[in-house]
Every structure is written in C-alpha cells, then in structure tokens.
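[1] quick one, structure for this:
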Amino acid sequence: MDTQVIEVAYALDTFYFLVSGALVMWMAAGFTMLEAGLVRTKSTVEILTKNIALYSTACIMYMLIGYNIMYGDGISSFIPSFMPILSGADNTAAEVIASDGDIYYSNLSDFFFQVVFVATAMSIVSGAVAERMKLWAFLAFCVVLTGFIYPFQGYWSWGEGWLDDFGYLDYAGSGIVHMTGAVAALAGVILLGARKGKYGPDGQINAIPGANMPLATLGVLILWLGWFGFNGGSELKVSDVESANAVARVFTNTNLAAAGGVIAAIIASRLIFGKADLTMGLNGAIAGLVSITAEPLMPHPFLAMIIGMVGGVLVVLSILALDKMRLDDPAGAISAHGTAGIWGVLAVLLSNPDATFAGQIVGLVAIFAFVFVLSFIFWGLLKATIGIRVSEEDEYNGVDIAECGLEAYPEFTSGRK
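    Sure thing, here's the model as predicted:
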C-alpha cells in the first residue's frame, strides 16, 4: 500500500478511535447521573465520589497492569503474561503505526479506547452496592477488578486466548465487559447484604425510591449517546467504504435495540404493576443496549429492535427475581448488565453464521465462573479485614456524612429519613 495512503488511513482510524473513546468516557457521566438519581439524597455525595474515583483508578491500573496483561503475549492461551506494551519510546510514540491486517492506529489510541471499557465494567459494580458499602473497600476492589480480573478474562477472547480459539464471539463486550461487571457486583451484593428496611421479616419487599428521576433519566440518555462510541468504535476503523458502512449499521442497530428495550420494559411494567414504571423503562434502555453489544453489526435493524425488546422484558423479570431472592441492587445493574449481557451473547447466534452454541455457552460459563469466584474471594477478604459495610448508624444517617463528610443537598435534608 502507498505510504501516503497508509498515513491517511492511520490518521483517520486513530482519530476515530480517540473520538469513540471520548464518547465511551462520557458514559462515566451517564453512570454517575443514573446512580445519583436512583439513590437517596443521603447517599448522593458518596456515589459521586465513587464514580469519579473508580474511573481514575481504572485508568491508572489499566495503564500500569491491565492493558499489558490483556494484550501481551501470554504464557499460554489460558494464562496471560505481563508484557509492558506501553513502556518504551518505540511502542508509545504516536508516530508508530500498529497494523492488524489493513487496520492502522497507534498503540496509545488503542489503549485509550480500551481503558474506558474497563472503567465501564467497574461502574456497574458501583450502582449495585450503593448506599451501604464502605468507600475504601469499594476502591480496593476496583484496583483488583481493573488491574487483574477484567484483563485476565479479556485476554481469553480479545487478547486472542483460548476463548477466541474456541469460537466465542463478543463484538463489543456483552459478556466480556457488561456481564463481568454484573457478576463482580453480584458477588459483592451476596456478601454485603441488603439495605436496612428493603426486605421485611415476612418476605415483603419495600420500595426505596430514588431521589432524582430527572437526573436518572439524563444519565440513561448520556449512556445511550456514549454507547455509539462503545459499539461503533469496536469496528476499529472507518477509513474505507466497507468499514464506514459497517459503522453506520452498528449505530443504527444500537439505537434501535435501546428503543426496543425501553418500549418493551414499559409495556412489561404496565402489565405486571398496572403502571408505566420509569425506572424499568430506564433499565430497559440499558438492557437493550447491552443485548445488542455482543453483535451490533450483523443483525437486520428489525432484528436488532427485537433483540433489544427481549432484553427489555428480561430486565424487568430479572429485577423482580433478584428482589424475591433478597438480593438488593438499588440501580438494577446486575439485571441490566448481567441478565441482558447473557442474552446478548446468546443472541449472536441469531445473526452471525460464524457463531456456535458451544462457543457462546462456554464463553459465558468461563467468564461467569472466573469473575464470580475471584470476586467473591476478594470481597470476602475485604469483609474479613477492613470490612465492606458501614455501621447501621452510618447507614441510617447516610453514607455521605459517614464516608465523605458532606451532603449533596444540605438545604433540603432537615427532614431526611
């Protein structure tokens, strides 16, 4: 290929990578607003602190350790090695062209795009453990998930490890990113326990409304926008007609899946509760987005909508099922990212002829088991040492004061309960 053509392709693909990464980074704002809207006022500052701190921690840990594990030359197809990809001038210089077939981009643009994915996985954990977890225990787990657990299982597939060899297909991470975050959250929720007052002694489930539905809705719309970078950027290039058309299809399918998820979740909530539940609709949008993430390119737009609608129904049923099991998830994150993530990985079979049932099932089981076991062990170690739950008094007064020493709305909390 002509050198000048390569340089133009390099510039276009690198710029596309960076813009896509910036869109995904904006999803951090979406998660922050969504979670801040779904918790009570007395937990707002702590959830804001967690989100900005987890994003920063994820960036640092993925730079120091995670990226080097996930994309280094492994000891075997199962065990990655620590290969310092991002150290040394030869590898980090912006002028260096990293080529994968006819895809051209810099290593640093690839790192920037990948690092926002690992932050997304950790953001999922934040909402599920809200209102009763110690801030520093959460951040300690963030170090482990972003530096080791996420990149280790990511190496198996995106790092060309054994799951990739086995035929597991996951275009932008329904399982690799979203189910991973949800499973890590599930392990933490099991050990953490429910918020005080959420479940009664006779099996009743008490609703604990969030403080700010406009903020939660804004958060979902920000996530919806950021998802175009999440899925669209995973095409990896845009410098030729075929890839540009592929990106357009990915954007279209991503948008329709989210729309289908919203409508299906609202209809399901109307049939089940007799009311159109906004929180279910919001989680329906996320479930639709997660459902299409494993394969946003191959489906016909109508099929993409149906995939999203199935995700929207599943998230409602999953939230109800978790409540019956007394697993308290204030944001519905385990259902929206975990249950919908499983469905998304299986939905690849509906449109991608290269996907196999065995490959998708083995990928799901392997990722689920690995992430759950390691997360449960580390959450358990934290619980046995520094503790993971605030005191009952601190939970009643609010984790904002207990963990952060200030309130989000000091003028309006005199009647806090």
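
[2] and the helix or strand containing Val220, C-alpha only, in CSV?
    Using DSSP states H and E, Val220 sits within helix 213-232. Extracted C-alpha coordinates of helix 213-232, given in CSV (Å, rounded to 0.1, in the frame of the first residue of the first chain):
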residue,chain,number,x,y,z
MET,A,213,-35.7,10.8,38.5
PRO,A,214,-34.8,13.6,36.1
LEU,A,215,-31.2,13.0,36.9
ALA,A,216,-31.5,9.3,36.4
THR,A,217,-33.2,9.8,33.0
LEU,A,218,-30.5,12.2,32.0
GLY,A,219,-27.9,9.6,32.9
VAL,A,220,-29.6,7.0,30.7
LEU,A,221,-29.7,9.3,27.8
ILE,A,222,-26.0,10.1,28.3
LEU,A,223,-25.3,6.4,28.3
TRP,A,224,-27.3,5.9,25.2
LEU,A,225,-25.2,8.5,23.4
GLY,A,226,-21.9,7.1,24.7
TRP,A,227,-22.9,3.6,23.5
PHE,A,228,-22.5,4.7,19.9
GLY,A,229,-18.8,5.0,20.7
PHE,A,230,-18.8,1.8,22.7
ASN,A,231,-20.2,-0.3,19.8
GLY,A,232,-19.2,1.9,16.8
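
[3] that one: what's the following helix or strand?
    Past helix 213-232, the next helix or strand by DSSP H and E is helix 241-273.

[4] show me the strands in the stretch 101-250 of the chain, by range?
    103-105 (DSSP state E, counting those that start in this stretch).

[5] circling back to that earlier point, any idea of the mean pLDDT for the helix holding Val220?
    Mean pLDDT, helix 213-232: 97.

[6] report the angle between it and helix 241-273.
    With axes from the mean of the first three to the mean of the last three CA atoms, to 10 degrees as the basis, helix 213-232 and helix 241-273 are set at 150 degrees to each other.

[7] who does helix 213-232 touch, helix- and strand-wise?
    helix 3-38, helix 241-273, helix 278-293 (3 or more CB pairs under 8 Å, 6 or more residues apart in numbering; DSSP states H and E). For every residue, glycine as well, the C-beta is placed using N, CA and C.

[8] burial of the residue nearest to Ala184 when sequence neighbours are not counted, as a residue count?
    Computed as CB to CB, 6 or more residues apart in numbering, the closest residue to Ala184 that is not its neighbour in sequence is Ser375, at 4.2 Å. When neighbours are defined as other CB atoms under 10 Å, Ser375 has 24 of them.

[9] what packs against the helix or strand in which Ser375 is found?
    Per DSSP H and E, Ser375 falls inside helix 357-384. For helix 357-384, the elements it packs on are helix 135-144, helix 150-157, helix 162-166, helix 180-192, helix 340-347, judged by 3+ CB pairs under 8 Å, 6+ apart.

[10] adding distance to Arg326, mean neighbour count and mean pLDDT as columns, could you present those helices in CSV?
    Listed next are these as CSV, based on distance: least, CB to CB, whole Å; neighbours: other CB atoms under 10 Å; pLDDT from 0 to 100:
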stretch, distance to Arg326, mean neighbour count, mean pLDDT
helix 135-144, 21, 20, 98
helix 150-157, 28, 26, 97
helix 162-166, 33, 18, 97
helix 180-192, 10, 25, 98
helix 340-347, 21, 28, 98
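
[11] output these as JSON lines; include the columns distance to Ala258.
    Shown next, in JSON lines, are these (distance: least, CB to CB, whole Å):
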{"stretch": "helix 135-144", "distance to Ala258": "27"}
{"stretch": "helix 150-157", "distance to Ala258": "24"}
{"stretch": "helix 162-166", "distance to Ala258": "27"}
{"stretch": "helix 180-192", "distance to Ala258": "18"}
{"stretch": "helix 340-347", "distance to Ala258": "11"}
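
[12] out of the ones you listed, the one nearest Gly284 is which?
    Closest to Gly284 of the helices and strands packed on helix 357-384 is helix 340-347 (CB to CB; 9.3 Å).
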